[in-house]
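S.K.: just coords:
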């Protein structure tokens, strides 16, 4: 089911495949993400969700298939074109991935200071403004990442992902490891920040509460392929046994537990 | 048949590892000569690798020089050759012991620290985060360390040479009863400029090896805490072995004409 919109998709994946040795993690992924749309990819652990995001970023290179961003092929690009490609993105990592050698504000202002060449003071001001937009006070800017709780680290990581006002934001398991209340806070912040920026987002998660909250459209990845996709309102009537098993969290069903990770 | 397959597999794995390391080295070195360079990061590594290694390298050099004088004396005094001690000390220190001891100490101090830091950054996705923040991890993490290691180790070794020779001087004058002025004169008498510079070339090579092995093992570590531990061990062991092997090759090369 492709979106009816006739514009070029912001991100367009066709037949993306990636293996690690014998293990074929992605086996031909087709997925479109339209401008300003929020797509959530669900799927069990070890189904290659992270590999999918890293392939689009170019951190991993797929063996086959095409990945287009704004209609431009991005597989195998190098140099200035790759820099321009990466400049469009922001990413919130599962474990936050804050630089522990830098204070919080320098984490948030990292991309600003490197790409836009603004002064240190201006970078700090913008970092503090971005921290405020995720509900953190200016005093947090001078703390070190290790001094923050997991939930606060996630907020700082979100601030870092949006600080340079990217066109596309990736969320890798944004609520994993957080208590339900903090998870909801992060979900709300994601919705608010994305709306303010007008950004296109692609998220991966196995938290259905989060998926239902932040998604416009949901796609399910299983054994390296997208086996179902549709608006989030339709996920409960997909008639797909794999999707049903996943969203209801049943041990019994067509999906078999994977022993080895990817 | 199984035994032959095992040899084959091991050999193939060795070739693959050599290829990976060569590719990593070529890529890292080429980034050292292309802009942008992060001077703030390079300066930080200068301080970390150069300045903070001074106490360790200095102490090592001092005691190496002292024990060298003692040992040479116990040997040389048997055939009345004690007057050769100042020359033996200064040549051994500048040509061999200064660079090798400093290289090994820095491998333990810096190589391990680099591998552990980059390894942790790898497993916590901080290296991927750099890429998403439009920063090339090679330029931000590896280039500053390799440049700092290659440039700072010769300076460290120069200091180590002076301290090591001074250690030999202390033992010879205060323990073995040498005349201080004579000892200094003897030290200069047979010392050539090339003795010092050859040691410094070695030092630059060792600095490159230590930082490269630290970066390579840390950057490619995987699998959590255990992976970072293994990366750290591999960084120190491989750097130490490569230092000893390349020391022999360089000695052959630098002194081949004499």
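M.R.: Great, that's in hand. The model shown is predicted, which means the values in this text are computed figures rather than measured ones.

S.K.: what mean pLDDT does stretch A:51-70 have?
M.R.: Summarised as a single mean, pLDDT over stretch A:51-70 is 90.

S.K.: next one: stretch A:87-97
M.R.: Stretch A:87-97 comes out at a mean pLDDT of 90.

S.K.: that stretch and chain B in contact?
M.R.: Yes - using CB under 8 Å from any CB of the partner chain, stretch A:87-97 reaches chain B at A:87, A:89-91, A:93-95, A:97. C-beta coordinates here come from the backbone N, C-alpha and C atoms, glycine included.

S.K.: taking these as a set, which two sit the farthest apart in space?
M.R.: A:87 and A:95 (23.7 Å; CB to CB).

S.K.: so where's the chain shaky on pLDDT?
M.R.: Going with chain A. Scanning chain A for pLDDT under 70 picks out the ranges A:1-6, A:257-262.

S.K.: actually, chain B is the one I wanted.
M.R.: Looking at chain B by pLDDT under 70, you get B:1, B:256-258.

S.K.: would you mind finding the longest helix in chain A?
M.R.: helix A:180-197 (DSSP state H).

S.K.: partners of the next helix or strand after it in the sheet?
M.R.: Using DSSP states H and E, the helix or strand that follows helix A:180-197 in sequence is strand A:200-205. Using DSSP bridges, strand A:200-205 pairs in its sheet with strand A:38-42 (parallel), strand A:168-172 (parallel).

S.K.: could the ones you listed go into JSON lines alongside mean neighbour count?
M.R.: What follows is these, written out as JSON lines (neighbours: other CB atoms under 10 Å in any protein chain shown):
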{"stretch": "strand A:38-42", "mean neighbour count": "25"}
{"stretch": "strand A:168-172", "mean neighbour count": "24"}
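
S.K.: dump those strands to CSV, plus distance to residue B:193.
M.R.: Converted to CSV, these look like this (distance: least, CB to CB, whole Å):
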stretch, distance to residue B:193
strand A:38-42, 66
strand A:168-172, 58
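
S.K.: closest to residue B:20 out of the ones you listed?
M.R.: Nearest of the strands paired with strand A:200-205 (CB to CB): strand A:168-172, 26.7 Å.

S.K.: quick one: the closest one to chain centroid distance?
M.R.: Centre-to-centre, strand A:168-172 and its host chain are 3 Å apart (CA atoms, centre = their mean, to the nearest Å).

S.K.: please enumerate residues in contact with that strand?
M.R.: Here strand A:168-172 makes contact (CB atoms under 8 Å, 6 or more residues apart in numbering or on different chains) with A:10-11, A:49-50, A:53, A:56-57, A:69, A:88-94, A:161-162, A:190, A:194, A:197, A:199-205, A:214, B:132.

S.K.: tell me where the chain has helices.
M.R.: With no chain named, the answer covers chain A. Going by DSSP H, chain A shows helices at A:49-57, A:79-87, A:104-108, A:110-111, A:120-133, A:150-163, A:180-197, A:208-214, A:241-248.

S.K.: sorry, should have said chain B
M.R.: Going by DSSP H, chain B shows helices at B:2-32, B:39-45, B:54-76, B:85-92, B:98-106, B:112-123, B:126-132, B:137, B:143-174, B:180-189, B:193-219, B:224-254.

S.K.: could those helices go into TSV alongside mean neighbour count and distance to residue A:15?
M.R.: Shown next, in TSV, are the helices of chain B (neighbours: other CB atoms under 10 Å in any protein chain shown; distance: least, CB to CB, whole Å):
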stretch	mean neighbour count	distance to residue A:15
helix B:2-32	11	28
helix B:39-45	15	40
helix B:54-76	18	55
helix B:85-92	22	65
helix B:98-106	26	49
helix B:112-123	23	30
helix B:126-132	22	24
helix B:137	20	29
helix B:143-174	22	36
helix B:180-189	14	73
helix B:193-219	23	31
helix B:224-254	17	32
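
S.K.: how about these, which one is nearest residue A:62?
M.R.: Of these, nearest to residue A:62 by CB to CB is helix B:126-132, at 16.1 Å.

S.K.: show the subsequent helix or strand relative to that closest one.
M.R.: Past helix B:126-132, the next helix or strand by DSSP H and E is helix B:137.

S.K.: could you tell me how far that next one lies from the centre of the chain?
M.R.: With CA atoms, centre = their mean, you get 24 Å for helix B:137.

S.K.: what are the buried residues along stretch A:70-90?
M.R.: Using 16 or more other CB atoms under 10 Å in any protein chain shown as the test for burial, stretch A:70-90 gives A:70, A:74-75, A:77, A:82, A:85-90.

S.K.: brain fart, stretch A:220-231
M.R.: Applying 16+ other CB under 10 Å to stretch A:220-231 flags A:220-226, A:228-230 as buried.

S.K.: from start to finish, how long is that stretch in a straight line?
M.R.: Taking CA to CA, to the nearest Å, the first and last residues of stretch A:220-231 lie 12 Å apart.

S.K.: one step back: which strands or helices does the longest helix of chain A pack on?
M.R.: helix A:120-133, helix A:150-163, strand A:168-172, strand A:200-205, helix A:208-214 (3 or more CB pairs under 8 Å, 6 or more residues apart in numbering or on different chains; DSSP states H and E).

S.K.: how about a cut-off of 6 Å?
M.R.: Applying 3 or more CB pairs under 6 Å, 6 or more residues apart in numbering or on different chains; DSSP states H and E, we find helix A:180-197 packed against helix A:150-163, helix A:208-214.

S.K.: any idea how far the longest one is from the chain center?
M.R.: Right, helix A:150-163. 13 Å.

S.K.: out of the buried residues of stretch A:220-231, who's nearest chain B?
M.R.: Nearest to chain B among the buried residues of stretch A:220-231 is residue A:221, at 19.5 Å by CB to the nearest CB.

S.K.: residue A:41 is in contact with that closest one, correct?
M.R.: Yes - with contact taken as CB atoms under 6 Å, residue A:221 and residue A:41 are classed as touching, separated by 5.4 Å.

S.K.: and for these two, which residues touch both?
M.R.: residue A:49 (CB atoms under 6 Å, 6 or more residues apart in numbering or on different chains).

S.K.: next up, the contacts around residue B:157.
M.R.: Here residue B:157 is in contact with B:98-99, B:102, B:203 (CB under 6 Å, 6+ apart).

S.K.: leaving out the residues flanking it, which one is nearest to it?
M.R.: residue B:203 (3.9 Å; CB to CB, 6 or more residues apart in numbering or on different chains).

S.K.: residue B:24 too?
M.R.: residue B:216 (5.2 Å).

S.K.: and residue A:256, how many neighbours does it have?
M.R.: Residue A:256 has 8 neighbours, counted by other CB atoms under 10 Å in any protein chain shown.

S.K.: no, scratch that, I was asking about residue A:44
M.R.: 18.

S.K.: roughly how far apart are it and chain B?
M.R.: 20 Å (CB to the nearest CB, to the nearest Å).

S.K.: burial of residue A:137, as a residue count?
M.R.: There are 9 residues near residue A:137, going by other CB under 10 Å.

S.K.: how near is it to residue A:96?
M.R.: Taking CB to CB, to the nearest Å as the measure, residue A:137 falls 19 Å from residue A:96.

S.K.: now residue B:163
M.R.: Using CB to CB, residue B:163 is found at 45 Å from residue A:96.

S.K.: still on that earlier bit, make JSON lines out of the buried residues of stretch A:220-231 and add distance to chain B.
M.R.: Output for the buried residues of stretch A:220-231, formatted as JSON lines (distance: CB to the nearest CB, whole Å):
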{"residue": "A:220", "distance to chain B": "24"}
{"residue": "A:221", "distance to chain B": "19"}
{"residue": "A:222", "distance to chain B": "24"}
{"residue": "A:223", "distance to chain B": "23"}
{"residue": "A:224", "distance to chain B": "21"}
{"residue": "A:225", "distance to chain B": "24"}
{"residue": "A:226", "distance to chain B": "23"}
{"residue": "A:228", "distance to chain B": "28"}
{"residue": "A:229", "distance to chain B": "25"}
{"residue": "A:230", "distance to chain B": "29"}
